[in-house]
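# predicted model, plus sequence, below.
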Amino acid sequence: NKEKEIINEIEKNENKLIDDSVELGKQRLIDVYSDNYESKCNDIKLNQIKKLQDYNNYITNKKSLNQANTLNRLNQRRVRRERNLQSIGVNKETINEILTKDKKNDSNILNEVSNQIDSEIDSEK
């Protein structure tokens, strides 16, 4: 009888050990899958952030290049205009007044170009 009690106790302990091992194994699997899932989510987030940064850089570069090209064309036009006015004998004061008006107009043109680029970018989104 004493032997049966001891055998039952040993079997209970063995069963408890097996149950604990199975539970521990399940928990380890859950931890591994959780870590993998979290890692994949972080990779996806980083990839999305990189794409957004690339897109923002593209927009910034496109805008800067367009504005620089426009400004360059306006400056060239102003220089040509000044030479033409000098060549037909317009006095320096009048030339300066005309070029000042041109500069104000150029500022408006630059704003229009900037707005146009913004609307193009909005339509690309």
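Now that the structure is in, tell me what you want to look at. Numbers count the residues shown, from 1 in each chain.
# ok, which stretches of this protein are helices?
2-87, 92-124 (DSSP state H).
# show me what the longest one is packed up against.
For helix 2-87, the contact count by 3 or more C-beta pairs under 8 Å, 6 or more residues apart in numbering; DSSP states H and E identifies helix 92-124 as packing neighbours. Backbone N, C-alpha and C define where each C-beta goes, glycine included.
# buried ones in the helix it packs on?
Using 16 or more other C-beta atoms under 10 Å as the test for burial, helix 92-124 gives 95, 102, 106, 113, 117.
# tell me what it is packed against?
Helix 92-124 packs on helix 2-87, going by 3+ C-beta pairs under 8 Å, 6+ apart.
# where are the low-confidence patches of this structure?
125 (pLDDT under 70).
# now for residue 90, how many residues are close by?
14 (other C-beta atoms under 10 Å).
# I misspoke; the intended subject was residue 78.
Neighbours around residue 78, by other C-beta under 10 Å: 16.
# how far away is it from residue 103?
7 Å (C-beta to C-beta, to the nearest Å).
# just residue 17 next, same as before
Residue 17 is 88 Å from residue 103, by C-beta to C-beta.
# check residue 10 too.
For residue 10, the distance to residue 103 - C-beta to C-beta - is 99 Å.
# skipping adjacent residues, who's closest to residue 85 in space?
Using C-beta to C-beta, 6 or more residues apart in numbering and skipping the chain neighbours, the partner closest in space to residue 85 is residue 95 (4.8 Å).
# residues contacting the one you found?
Applying C-beta atoms under 8 Å, 6 or more residues apart in numbering to residue 95 gives the contacts 82, 85, 86.
# quick check: the first one touching residue 99?
Yes: with contacts defined as C-beta atoms under 8 Å, residue 82 counts as touching residue 99 at a distance of 6.2 Å.
# which ones are touching the closest residue in space to residue 59 that isn't next to it in sequence?
Nearest residue to residue 59 in three dimensions, chain neighbours excluded: residue 121, at 5.4 Å (C-beta to C-beta, 6+ apart). Residue 121 makes contact with 59, 62, 63, according to C-beta under 8 Å, 6+ apart.
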